[in-house]
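Undergrad: turn this into a model:
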Amino acid sequence: MAHLARSTEPARGDKPDEFPGRRVHRHRLSKRKKGSFWREVPILVLTALLLTFLIQTFIARVYVIPSASMEPTLHGCPGCTNDRVLVDKLTYRFRDPAPGDVVVFRGTDSWASEFTSQRSDNILINGLQQAGALVGLAPPDERDFVKRVIAVGGQTVQCCDKQNRVTVNGSPLTEPYAMFIGHEPQEEFGPVTVPHGNLWLMGDNRDNSADSRRHVADQLSGTQPVSNVIGKARVIVLPLSRWQGISDPDPQQIKTLGASRSSGSSLPSGLPLAAGLVLCWPVSRGGRWLQERVVARRRG
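TA: Sure thing, here's the model as predicted:
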């Protein structure tokens, strides 16, 4: 009698495991990919922090306007929604500040702060506040000021003429941005000849600004070195209801209200823009590469 051979084929409905070794390999590979992704997270975070640091240091930074010294151009007051402005750090690598520019600068020792920054004594909270100041979520350092350039090195500034106007080299200024709360004449000063390499700076709110006028007795006659300038205030970015460019009419020239000065040469103004575009390309490519890596890891 012939013996019936036992069939090695699986019964109908069963799913054979033809390659058990491959399944184990895929499982191990999946675990390895997940582990690799979590190991890359710190690298992604450090890369983002490094890019943020480089941008804030060399290209642009957001600052909070903490006081009312630049009203009505820039809003700032205790307890209100202060303006956040984007400060361009590239422009003055190619040219010096000019009359009419609104600049952020580090004040010398004689300049007392116009506000008190409420920084915590707790190391952790203080560190978070410092980080928030970098992106405009907290007030800046008390030594940082924002004012408008009125006169530059070699020019003589004085106040006031018979029409209550500031003069530079004897010529009255046209200042459509200036605000006067009362009807009293402007504070008299000068004449002061600005040393070469320095700036005479004043707030737009002439009745409420501790600017160069209040420091004429110091070693620099109230002026500030160009080297102390951090950058040029370009745009109000927050609150959104006030999103707008910051006007910079040259007060030493007769211009209409709100008109922006055009540079005498296209080279200085064009170079910062070109440099910004060049720097944006690798940052954009790097961000796209990081995004693709994250998506690939998640799919894996």
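
Undergrad: tell me where this structure has helices.
TA: 20-58, 123-134, 266-299 (DSSP state H).

Undergrad: comparing the ones you listed, which gets the lowest mean pLDDT score?
TA: Note on the helices of the chain: lowest mean pLDDT is at helix 266-299, with a mean of 50.

Undergrad: for this protein, which segments count as strands?
TA: 60-64, 84-88, 102-106, 144-152, 156-159, 166-168, 171-172, 189-193, 198-202, 224-225, 229-238, 244-245 (DSSP state E).

Undergrad: how about those in JSON lines, adding mean neighbour count and mean pLDDT?
TA: C-beta: built from backbone N, CA, C; applies to glycine. Output for the strands of the chain, formatted as JSON lines (neighbours: other Cβ atoms under 10 Å; pLDDT from 0 to 100):
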{"stretch": "strand 60-64", "mean neighbour count": "21", "mean pLDDT": "86"}
{"stretch": "strand 84-88", "mean neighbour count": "22", "mean pLDDT": "92"}
{"stretch": "strand 102-106", "mean neighbour count": "22", "mean pLDDT": "94"}
{"stretch": "strand 144-152", "mean neighbour count": "25", "mean pLDDT": "94"}
{"stretch": "strand 156-159", "mean neighbour count": "20", "mean pLDDT": "96"}
{"stretch": "strand 166-168", "mean neighbour count": "20", "mean pLDDT": "95"}
{"stretch": "strand 171-172", "mean neighbour count": "14", "mean pLDDT": "94"}
{"stretch": "strand 189-193", "mean neighbour count": "17", "mean pLDDT": "93"}
{"stretch": "strand 198-202", "mean neighbour count": "27", "mean pLDDT": "97"}
{"stretch": "strand 224-225", "mean neighbour count": "20", "mean pLDDT": "96"}
{"stretch": "strand 229-238", "mean neighbour count": "20", "mean pLDDT": "94"}
{"stretch": "strand 244-245", "mean neighbour count": "12", "mean pLDDT": "94"}
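
Undergrad: nearest to Arg213, out of those?
TA: Arg213 sits nearest to strand 189-193 of all the strands of the chain, at 4.9 Å, using Cβ to Cβ.
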